[in-house]
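Chemist: model the structure of this input:
(chains A and B)
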Amino acid sequence: DAGVIQSPRHEVTEMGQEVTLRCKPISGHDSLFWYRQTMMRGLELLIYFNNNVPIDDSGMPEDRFSAKMPNASFSTLKIQPSEPRDSAVYFCAIHRDQGRVTGELFFGEGSRLTVL
Amino acid sequence: AQKITQTQPGMFVQEKEAVTLDCTYDTSDPSYGLFWYKQPSSGEMIFLIYQGSYDQQNATEGRYSLNFQKARKSANLVISASQLGDSAMYFCAMREGRGGSYIPTFGRGTSLIVHP
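Modeler: You can find the predicted model right below:
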């Protein structure tokens, strides 16, 4: 049980359209991360939140990307307007604050975005 | 400079044999953590094993072990008695610093194919 639900699992859209990806952590966590995975660039960190507060968004490619975490149970990643080069798998991941010292992340199953 | 280097884009192994996936890392931080994740074709990222920089013994988790050579800055994953279900992408990752920040940096991954 990864403890993270992402939606949609697959999204196909046309260039210029707004895309919203959703993440619902279903178990306790203190940090939430958005990653993007492509063949060319591998796994890139876009932004992370600590206790719902954005800490580092230096990985967000440009102003077309924005992320919010209005509460501990929900986060969104929005792309507006979308471009073909945004096509990728987007992962949401959490770190569980249960006294763990290892720091491993628990990932959702990803949202595969295709921008035509 | 790349912080995590995985030099093997693809590896093949016969079922029931052992296989070693290479990972080297670069850091000047005395405190760090090393991770391996598995990504099967279904796409989710699954945490496998963790090694702390101060851990005296190599980490083991079932058929997975981490061959940690600190002086060489290598953290190779050893999978013993390979199974067909081990076919997947494997990612090495590193987290630097004490507590607080749990942001790992990922390598580009190694594709493992297990032959029957």
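Chemist: residues of chain B that sit close to chain A?
Modeler: In this structure, chain B approaches chain A at residues B:33, B:35, B:37, B:42-47, B:50, B:52, B:91, B:95, B:102-109, judged by C-beta under 8 Å from any C-beta of the partner chain. Bear in mind the C-beta positions are built from the backbone N, C-alpha and C, glycine included.
Chemist: buried ones only from these, please, as a ChimeraX command.
Modeler: Entered in ChimeraX, the line below selects the buried ones among these, by 16 or more other C-beta atoms under 10 Å in any protein chain shown:
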select /B:33,35,37,43,44,45,47,50,52,91,95,102,103,104,105,106,107,108,109
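Chemist: which of the residues of chain B next to chain A fall in strands?
Modeler: B:33, B:35, B:37, B:46-47, B:50, B:52, B:91, B:95, B:104-106 (DSSP state E).
Chemist: does B:Tyr37 touch B:Ile49 like I think?
Modeler: No: checked against C-beta atoms under 8 Å, the pair B:Tyr37 and B:Ile49 is beyond contact range at 9.1 Å.
Chemist: so in terms of bridging, what pairs with the one residue sitting closest to the centre of chain B?
Modeler: Centroid-nearest residue in chain B: B:Trp36, 3.4 Å away (criterion: C-alpha atoms, centre = their mean). Taking DSSP bridges as the rule, B:Trp36 bridges to B:Ile49, B:Cys92.
Chemist: look up the pLDDT of it for me, please.
Modeler: On pLDDT, B:Trp36 comes in at 97.
Chemist: in contact with it, which residues?
Modeler: Going by C-beta atoms under 8 Å, 6 or more residues apart in numbering or on different chains, B:Trp36 touches B:21, B:23, B:47-49, B:64, B:66, B:75, B:77, B:90-93.
Chemist: what strands line up against the lowest-mean-pLDDT helix or strand in chain B, and which way round?
Modeler: Least confident helix or strand of chain B, by mean pLDDT, DSSP states H and E, is strand B:104-106 with a mean of 89. When pairing is defined by DSSP bridges, strand B:104-106 lines up against strand B:88-96 (antiparallel).
Chemist: now the angle from the partner strand to strand B:46-52?
Modeler: Put simply, strand B:88-96 runs at 40 degrees to strand B:46-52, going by axes from the mean of the first three to the mean of the last three C-alpha atoms, to 10 degrees.
Chemist: how much space separates B:Ala18 from chain A?
Modeler: Separation of B:Ala18 from chain A (C-beta to the nearest C-beta, to the nearest Å): 24 Å.
Chemist: so what's the residue count around that residue?
Modeler: If you count neighbours by other C-beta atoms under 10 Å in any protein chain shown, B:Ala18 ends up with 13.
Chemist: spell out which parts of chain A neighbour chain B.
Modeler: So far as C-beta under 8 Å from any C-beta goes, chain A lies against chain B at A:2, A:31, A:33, A:42-43, A:45, A:48, A:56, A:89, A:91, A:93, A:95, A:101-110, A:112.
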